[in-house]
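1. got a structure for you, letters missing:
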C-alpha cells in the first residue's frame, strides 16, 4: 500500500521550533520530489517547501525562507521540515506530497499524506 505519513506537529509557542517528518511506505522516496504544503482555516493551500530527487535542490516560499529547512534521509525513506522561529501565522495543517518536481511545484503530486496540525500560540 502506497502511503505518506506526516508526524511531528503540535502546539508550540511563538519563536519555538518543530520538526515535521514525512515517511513513505510502499514506495521509495529516492526517486520523487517531495513538497510540504499547508492549509490554514479559511485559506487556500499553499506550497511551503520542496526538495528535488535528483540533486537535492530546494525551494522555499518567501514567508518561510530563512526559518524552515527541508531535508531528506533516503535511508529512512523520510523527508523532514525543520521549522524554527515559528510565528502564529504558521498555524495550519501541514501536508507532504510526492511526485515529479514539476507536479509537486504545481500542487499536483500523485501522493499525499493525511496532514499534521501545527499550532503556534502563546
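-> It's in. Model, not experiment: these values are computed from the prediction.

2. Centre-most residue in this structure?
-> Of all residues in the chain, the one closest to the mean position by CA atoms, centre = their mean is residue 36, 2.6 Å from it.

3. In three-state terms, label residue 62 for me.
-> coil (DSSP: H, G, I helix; E, B strand; the rest coil).

4. Tell me, how many residues neighbour it?
-> 6 (other CB atoms under 10 Å). Quick note: C-beta positions are derived from backbone N, CA and C, even for glycine.

5. do you know how far it is from residue 3?
-> Residue 62 is 31 Å from residue 3, where distance means CB to CB, to the nearest Å.

6. how about the strands of the protein, start to end?
-> Using DSSP state E, the strands of the chain run over residues 3-7, 10-12, 18-25, 33-39, 46-51, 58-60, 68-73, 78-83, 92-99, 111-112, 116-120.

7. What is the third one packed up against?
-> Secondary structure elements in contact with strand 18-25, counted by 3 or more CB pairs under 8 Å, 6 or more residues apart in numbering; DSSP states H and E, are strand 3-7, strand 33-39, strand 78-83, strand 92-99, strand 116-120.

8. And that strand, how far out from the chain middle?
-> 8 Å (CA atoms, centre = their mean, to the nearest Å).

9. Bridge partners for the closest residue to residue 94 other than its chain neighbours, pull those for me.
-> In space, and not counting its chain neighbours, residue 94 is closest to residue 38: 4.8 Å by CB to CB, 6 or more residues apart in numbering. Per DSSP bridges, the residues bridged to residue 38 are residue 46, residue 94.

10. Contact partners for residue 38?
-> Taking CB atoms under 8 Å, 6 or more residues apart in numbering, we find residue 38 in contact with 45-46, 48, 90, 92-95, 118.

11. Might you report the residue contacts of the closest residue to residue 82 other than its chain neighbours?
-> Once flanking residues are discounted, residue 82 sits nearest to residue 69: 4.4 Å by CB to CB, 6+ apart. Going by CB under 8 Å, 6+ apart, residue 69 touches 81-82, 84.
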